[in-house]
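give me the fold of what follows.
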Amino acid sequence: MKSFSRFLLEAKETRASEQAKKLGLVGDGHGDWYSAQGEFVAKTVNGQLKFFNKGERVGQRDIPPKAGAARPQPTPGQIQPQAAPQLPQQQPDLKSAEDMPQEGDFLTVVFGKFNPPTKEHKKLFSEADRIAMGGEIRIYPSRSQDPKKNPLNPNRKIAYIKKMFPEVAEEIVNNPEMKSIFDVLLAANEDGYVNVNIVVGSDRQAEIQNLANKYNGKYYQFTEIRVIPTGNFDSEKDLSGISSGMLRKAAADNNFREFKRGMPKTMDENESKKLFNEIRTAMGFKTSMKENYNLWEIAPKLDFKNLRENYIQNKIFKNDDIVENMNTGLVGKVIRRGTNYLICVTEDDIMFKSWIKDLREYTEVKMDSPMRDAKHPNTLVGTTGAFKHYASLTPGAIGTNEKYLQVGGKAYGINFINKYKAKKASTC
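Residues are numbered from 1 along each chain as shown. Sure thing, here's the model as predicted:
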């Protein structure tokens, strides 16, 4: 599975996939295509299918034909890929026609923060199981992490979900590229599903419903997208009084008794204490005493009044800031500030509206560097590092360091990457 951003850059690969499916070929996920009998037939090359004759092997010297033997020629006007030598025993995991999604099949997905998971998430998983009616379920914990609202990193979060709810352990997808609901929908579409259920907390239904359907037909093709609400898992008004925000507050207050109230029976005293201490450490609390903190920063829905006050004073979520919607995983630049909401745009030109209670300030290591690490350039829209990276690739442009000046180049003097005008914003 690849990310939504990669999809936009590799759209031509989809054309090759469609051609292969029409010919009844099965892919191994790496560009190779096989017949129903498991014989290698074709490979995706520059977005097109390249067919191989009998005796040809990818990346290797052709097997010489027997003396006097000639390769069969295709009938004019027809594509007749020839059989290749028998594959070795280590073959790709090929799906039979019976295993492929059928027209009426629904994939049921769950996309959520789970930071930390609580006993109330059992309702979410049970509802997904009920709706799926024996069909496939995929659970995608978000990839967000920060010391205040998302203290557990994705791997630790997933480990605790599996411990708390072992019955869904096989349904959890731990894929770093599945960062947003768009990535999830694209993966489902690529896997052949034409119908999808999205199970979410009731306070997130409208947002997910509007966003998922808005881009249906443009970036992915589904006959039906159903967004089913159940429970309210990070809200002050949850009837059980249990939410991820409440557990973060209990950890910040060093109140293990309150924290333990949110744990399922699968977590004993020691395991619950371990999670409690892990969260406190990730939040930056180093002592066993209660420390000072701002509730609106760690659980904004529990202190909306102070959250909004800081927003009104322009202390947070300023224009041109990079923010992440924690419900959808979308990351974008703030282009308009409303009374208690923001209009943002992603680097893929997707515009979305978010309530301030659902946002976090998005940060990245080495945001001022043109490289995120030794191998990957910084492409985070709106950052100085991204400007430097793109400027270094553009003749005549410089970033903020003369190191990036091309021979004979002149400075632009502004950040020209993703410069959105007010007129464009007004169309949303």
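
make it CA atoms for all contacts and neighbour counts henceforth
Will do.

just to check, residue 112 is in contact with residue 327?
Yes - applying C-alpha atoms under 8 Å as the test, residue 112 and residue 327 come out as touching, 6.7 Å apart.

burial measure for residue 270, as a count.
For residue 270, the tally of surrounding residues (other C-alpha atoms under 10 Å) stands at 9.

and it, that one's in a helix?
Yes - assessed by DSSP: H, G, I helix; E, B strand; the rest coil, residue 270 belongs to a helix.

the chain: strands as residue ranges?
26-27, 32-34, 40-45, 48-51, 107-112, 137-141, 195-200, 224-229, 322-325, 331-337, 341-345, 351-355, 359-361 (DSSP state E).

backbone dihedrals for residue 294, please?
phi -100, psi 120 (degrees, to the nearest 10).

relative to residue 243, how far out is it?
18 Å (C-alpha to C-alpha, to the nearest Å).

show me which of those two is the more surrounded one.
Set residue 294 next to residue 243 and count neighbours by other C-alpha under 10 Å: residue 243 wins out with 27 against 14.

now the more buried one. Its backbone dihedrals?
phi -150, psi 160.

which residues touch residue 280?
251-252, 254, 286 (C-alpha atoms under 8 Å, 6 or more residues apart in numbering).

recalculate using a threshold of 6 Å.
residue 251 (C-alpha atoms under 6 Å, 6 or more residues apart in numbering).

could you do residue 296 as well?
303, 307.

in stretch 179-190, what's buried?
Judged by neighbour count using 16 or more other C-alpha atoms under 10 Å, the buried positions of stretch 179-190 are 179-189.

ok, so of those residues, who is nearest residue 336?
residue 180 (21.6 Å; C-alpha to C-alpha).

tell me, how many residues neighbour the nearest residue to that closest one once chain neighbours are set aside?
Distances taken as C-alpha to C-alpha, 6 or more residues apart in numbering place residue 329 nearest to residue 180, at 4.0 Å, with adjacent residues excluded. By other C-alpha under 10 Å, 22 other residues sit near residue 329.

so residue 329 is in contact with residue 178, correct?
No - under the criterion of C-alpha atoms under 6 Å, residue 329 is not in contact with residue 178, lying 8.9 Å apart.

and the helices in the stretch 51-200 of the chain?
Applying DSSP state H, counting those that start in this stretch to the stretch 51-200 of the chain gives helices spanning 121-132, 154-164, 181-190.

include distance to residue 17 and mean pLDDT when you put those into JSON lines, please.
Below are those laid out as JSON lines (distance: least, C-alpha to C-alpha, whole Å; pLDDT from 0 to 100):
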{"stretch": "helix 121-132", "distance to residue 17": "27", "mean pLDDT": "93"}
{"stretch": "helix 154-164", "distance to residue 17": "31", "mean pLDDT": "96"}
{"stretch": "helix 181-190", "distance to residue 17": "9", "mean pLDDT": "93"}
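
adding distance to residue 348, write the ones you listed out as a markdown table.
Formatted as a markdown table, the helices of the stretch 51-200 of the chain follow (distance: least, C-alpha to C-alpha, whole Å):
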| stretch | distance to residue 348 |
| --- | --- |
| helix 121-132 | 30 |
| helix 154-164 | 24 |
| helix 181-190 | 11 |
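
give the bridge partners for the nearest residue to residue 136 once chain neighbours are set aside, please.
Residue nearest to residue 136 in three dimensions, not counting chain neighbours: residue 107, with 5.5 Å by C-alpha to C-alpha, 6+ apart. Taking DSSP bridges as the rule, residue 107 bridges to residue 196.

wouldn't residue 107 be in contact with residue 194 here?
No - taking contacts as C-alpha under 6 Å, residue 107 lies outside contact range of residue 194: 8.5 Å.

now do the shared contacts for those two.
Here residue 107 and residue 194 share no contacting residue, scored by C-alpha under 6 Å, 6+ apart.

could you measure from residue 295 over to residue 253?
For residue 295, the distance to residue 253 equals 10 Å [C-alpha to C-alpha].

where does the prediction get shaky in the stretch 51-200 of the chain?
Scanning the stretch 51-200 of the chain with the threshold set as pLDDT under 70 gives 52-104.

90 instead, please
51-105, 144-145, 200 (pLDDT under 90).

do the same with the stretch 201-350 of the chain
Answering for the stretch 201-350 of the chain: the residues below the bar, that is pLDDT under 90, span 201-207, 211, 218-219, 229-242, 285-292, 327, 347-350.

how about 70 then?
Using pLDDT under 70, the flagged stretches of the stretch 201-350 of the chain are 231-241, 287-290.

what's the neighbour count on residue 146?
Neighbour count of residue 146, defined by other C-alpha under 10 Å: 16.

do the same with the one 3 residues further on
Summarising burial for residue 149: neighbours were counted as other C-alpha under 10 Å, giving 23.

what's the closest non-adjacent residue to it?
Residue 149 sits nearest to residue 298 (C-alpha to C-alpha, 6+ apart), 4.8 Å away.

is that neighbour in contact with residue 150, as I believe?
No - Residue 298 lies out of contact with residue 150 (C-alpha under 6 Å); the separation is 8.3 Å.

neighbour count for these two, which is higher?
Neighbours per residue, other C-alpha under 10 Å: of residue 298 and residue 150, the larger number sits with residue 150, 27 against 22.

once you drop chain neighbours, what's closest to residue 34?
In space, residue 34 is closest to residue 40, 4.5 Å off (C-alpha to C-alpha, 6+ apart).

what's the neighbour count on residue 321?
18.

and what of residue 191?
Counted with other C-alpha under 10 Å, the neighbours of residue 191 add up to 12.

dihedrals phi and psi, residue 299?
Torsion angles, degrees, to the nearest 10, at residue 299: phi -150, psi 80.

ok, now which ones touch it?
Residues in contact with residue 299 (C-alpha under 6 Å, 6+ apart) are residue 245.

contacting residues around stretch 150-164?
115, 143, 145, 169, 266, 282-283.

and it, what's buried?
150-154, 157-158, 160-161, 163-164.
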